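Enquirer: here are the coordinates; sequence isn't available:
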Ligand SMILES: Nc1ncnc2c1ncn2[C@@H]1O[C@H](COP(=O)(O)OP(=O)(O)OP(=O)(O)O)[C@@H](O)[C@H]1O
Ligand SMILES: [Mg+2]
């Protein structure tokens, strides 16, 4: 685990910016879901690819997971992954106000939808803080009911390291929880660092 | 020729691009409706602009669409739909009126927030992309994948059947060679037994005659001269003649008994193997059980006492040599499951139209994970060289061929019972008779 790409100050600033971004995200997600959303303080790590699966494992635990990925592009380019414990996945329907039992397609659509909301809110919040323009590609289902370790194929990652930003969501009145991980490849980390520098300079 | 301004160009492209583009305001009034939408929906822009989207298209999934648009407004962010979950938003004809393949155009939609200078979302624009070709290709792929999977499953089944068939061949070879061996041994033993038996008969009658002569001598004993009498008395004492006379007779009797037993065993071996026999015939199962017990007596006697609870059994039409094979396997398995000493109980009887034979042991029992597999060919928990793991799988197929069934009931630590049900008539014969 190295955060050497960031100075202490830059790291603090990034932490702060994500914090503010997430705060706004929480508010807008709450507006959509009609429930008070609790977000963890984002954890920021710079990881070598092979350390990403264990980091995911630590967050999610031994439970099987379903995950959605969504790419973002523009001033910052990377991927966001939203990971749901299998049990929580089923609570989504209830959460989104569906009473009837859902067929598989509807359930998946819901999963993609909620992921899109979370990713859009969180990354949008962060982008706003650093004045970045960002667009999103359509979310897609990465895997359903698999071991966390098999989620990412680290062999296929060509970036030597990645920025790993972890945010955990939970709802005040329910046991529902999920985890959002934002992954930035190394060149984008540098872009982000410059953006942070600009932000620091503007203070 | 006049140049197009940038926004004119943008407007032109939005209108003519081969993607559906439309926009609604906060009240779902249509503010944009491009050509793609017009041609496919057969509602021109003039007709629909300013109208409420749901008034023009009452078939749209209203609640869902409203939620989606509100979401874009609230989050000021993109939202998406994919044909894989929601095949289409608008039911449009697809571009394959001839080649066909789907009922309607498959669509991927993107909802994008249209913001004013202050960054507020004032409208929501939706793009509708025709992905019918991708969808069809995808579905064809999925169908051929399913086909491949189905074929694979079929192959697995065939391989299983092949293994089963091979196992039966192996087993019938094993049976045949046991049969041959038994018949050969029986034949070889029969000859020496024959002459020992007749010699022993002669020996017995010689002994009788000798005794008569000896009695006559004993009667004359007192009349002998003193010195001769003393000498003979000493000889008589030396050999303990009284005991010798008694023992001689019982020795001969015991030998003949022993020989009778050897003859029985040889007969059992012959019965057991019934060389080459595979035709069903009427047989007494108790006789089969006894014969088999005799054959396996050696394997069992140090481990278990055999208790028989024989009920009333009619004769059963069966291939006796094959049933013997089953009984033998159950008895040997039972004995092998007993660590020190135990009991093997054989119970027979009738239940409805069927007869049953149960072999129960007081052995180790079978743990659940083993129990699932005991009838599998080559499954054995015994050390290499001890068990082939064929016994039960072969027994199973023999019972099956007899139209019966075999069930197992086992409590680890207490023992195991195998119970066989058989119809009175052999299935093939029954159908031939019908
Ligand atoms: N009466 C029993 N008690 C406990 N376990 C048994 C009993 N009968 C069968 N088993 C278990 O089932 C397995 C399979 O039995 P099976 O008769 O098919 O093969 P085997 O006895 O191992 O070998 P083979 O009969 O070919 O010499 C045995 O290895 C044993 O683990
Ligand atoms: Mg056996």
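Expert: Looks like it arrived, so ask away. None of the values given here were measured: they were computed from a predicted structure. Ligands and ions are numbered 1, 2, ... in the order given.
Enquirer: Which stretches in chain A count as helices?
Expert: Secondary structure of chain A (DSSP state H): helices at A:8-33, A:52-60, A:86-95, A:104-129, A:186-202.
Enquirer: Which neighbouring elements make contact with the second one?
Expert: Which is helix A:52-60. strand A:78-85, strand A:162-171, strand A:177-185 (3 or more Cβ pairs under 8 Å, 6 or more residues apart in numbering or on different chains; DSSP states H and E). (Each C-beta comes from the backbone N, C-alpha and C, glycine too.)
Enquirer: before we move on, back to that, nearest to ligand 2, out of the helices of chain A?
Expert: Checking the helices of chain A against ligand 2 by Cβ to the ion gives helix A:86-95 as the closest, at 43.7 Å.
Enquirer: how about that closest one: buried residues?
Expert: A:88-89, A:91-93, A:95 (16 or more other Cβ atoms under 10 Å in any protein chain shown).
Enquirer: for stretch A:35-45, same thing?
Expert: A:37, A:39, A:42, A:44-45.
Enquirer: That one near chain B anywhere?
Expert: No - contact of stretch A:35-45 with chain B (Cβ under 8 Å from any Cβ of the partner chain) is absent, the minimum separation being 12.6 Å.
Enquirer: give me the low-pLDDT residue ranges for the chain?
Expert: Picked chain A for this. Applying pLDDT under 70 to chain A picks out residues A:1-4, A:89-90, A:96-101.
Enquirer: not what I meant, chain B
Expert: B:1, B:97, B:99-100, B:171-172, B:174-176, B:178-180, B:268, B:271-278, B:384-386, B:428-434.
Enquirer: which residue ranges form the strands in it?
Expert: Assigned by DSSP state E, the strands in chain B fall at B:20-25, B:30-33, B:79-81, B:107-115, B:121-130, B:281-283, B:304-309, B:316-318, B:342-351, B:354-361, B:405-411, B:415-423.
Enquirer: on that earlier part again, ok, of the buried residues of stretch A:35-45, which one's closest to ligand 2?
Expert: The closest of the buried residues of stretch A:35-45 to ligand 2 turns out to be residue A:45 (Cβ to the ion; 59.4 Å).
Enquirer: was I right about that closest one contacting residue A:56?
Expert: No - judged on Cβ atoms under 8 Å, residue A:45 makes no contact with residue A:56 at a distance of 11.4 Å.
Enquirer: okay, which residue is most central for chain A?
Expert: Residue closest to the mean C-alpha point of chain A, counted by Cα atoms, centre = their mean, is residue A:180 at 2.8 Å.
Enquirer: Identify the residues contacting the residue lying closest to that residue once chain neighbours are set aside.
Expert: In space, residue A:180 comes closest to residue A:167 once its chain neighbours are excluded; the distance is 4.7 Å by Cβ to Cβ, 6 or more residues apart in numbering or on different chains. Applying Cβ atoms under 8 Å, 6 or more residues apart in numbering or on different chains to residue A:167 gives the contacts A:18, A:22, A:39-40, A:42, A:122, A:179-182.
Enquirer: coming back round to it: residue B:18 is nearest to which of the helices and strands packed on helix A:52-60?
Expert: Residue B:18 lies closest, by Cβ to Cβ, to one member of the helices and strands packed on helix A:52-60: strand A:78-85, at 28.8 Å.
Enquirer: what does the closest one rub up against?
Expert: By Cβ under 8 Å, 6+ apart, strand A:78-85 touches A:56, A:59-61, A:63-72, A:92, A:111, A:114-115, A:118-119, A:122-123, A:142, A:148, A:151-152, A:163, A:177-185, A:188.
Enquirer: Quick check: ChimeraX command selecting the buried ones in those.
Expert: Selecting only the buried entries of those in ChimeraX, with 16+ other Cβ under 10 Å as the criterion:
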select /A:56,59,60,65,66,67,68,69,70,72,92,111,114,115,118,119,122,123,142,148,151,152,163,177,178,179,180,181,182,183,184,185,188
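Enquirer: ok, back up a step: can you say which of the helices and strands packed on helix A:52-60 is nearest to residue B:267?
Expert: Nearest of those (Cβ to Cβ): strand A:78-85, 71.8 Å.
Enquirer: sorry, back to before: looking at the contacts of residue A:167, which one is closest to ligand 1?
Expert: The closest of the contacts of residue A:167 to ligand 1 turns out to be residue A:179 (Cβ to the nearest ligand atom; 47.1 Å).
Enquirer: Tell me how many other residues crowd residue B:414.
Expert: With neighbours defined by other Cβ atoms under 10 Å in any protein chain shown, the count for residue B:414 comes to 11.
Enquirer: swap in residue B:140?
Expert: For residue B:140, the neighbour count with other Cβ under 10 Å is 11.
Enquirer: cool, and residue B:195?
Expert: 9.
Enquirer: mind listing what the residue nearest to residue B:203 when sequence neighbours are not counted touches?
Expert: Closest residue in space to residue B:203, ignoring its immediate chain neighbours: residue B:252 at 6.3 Å, by Cβ to Cβ, 6+ apart. Residues in contact with residue B:252, defined by Cβ under 8 Å, 6+ apart, are B:200, B:203-204, B:207.
Enquirer: before we move on, the earlier item: just the closest of the buried residues of stretch A:35-45 to chain B, please.
Expert: Of all those, residue A:37 has the smallest distance to chain B: 12.6 Å, by Cβ to the nearest Cβ.
Enquirer: Go ahead and confirm that closest one touches residue A:30.
Expert: Yes - counting by Cβ under 8 Å, residue A:30 is a contact partner of residue A:37 at 4.9 Å.
Enquirer: Can you name the residues of chain A that neighbour chain B?
Expert: By Cβ under 8 Å from any Cβ, the residues of chain A that approach chain B are A:28-29, A:31-32, A:105-106, A:108-109, A:112-113, A:116-117, A:120-121, A:124, A:135-136, A:138-140.
Enquirer: run the last query once more with 6 Å
Expert: A:28, A:31-32, A:105, A:108-109, A:116, A:120-121, A:124, A:136, A:138 (Cβ under 6 Å from any Cβ of the partner chain).
Enquirer: I'd like those residues as JSON lines, with neighbour count and distance to residue B:247 appended.
Expert: Below are the residues of chain A next to chain B laid out as JSON lines (neighbours: other Cβ atoms under 10 Å in any protein chain shown; distance: Cβ to Cβ, whole Å):
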{"residue": "A:28", "neighbour count": "21", "distance to residue B:247": "112"}
{"residue": "A:31", "neighbour count": "16", "distance to residue B:247": "113"}
{"residue": "A:32", "neighbour count": "22", "distance to residue B:247": "109"}
{"residue": "A:105", "neighbour count": "13", "distance to residue B:247": "96"}
{"residue": "A:108", "neighbour count": "20", "distance to residue B:247": "95"}
{"residue": "A:109", "neighbour count": "19", "distance to residue B:247": "100"}
{"residue": "A:116", "neighbour count": "25", "distance to residue B:247": "105"}
{"residue": "A:120", "neighbour count": "28", "distance to residue B:247": "109"}
{"residue": "A:121", "neighbour count": "28", "distance to residue B:247": "109"}
{"residue": "A:124", "neighbour count": "22", "distance to residue B:247": "113"}
{"residue": "A:136", "neighbour count": "22", "distance to residue B:247": "109"}
{"residue": "A:138", "neighbour count": "16", "distance to residue B:247": "105"}
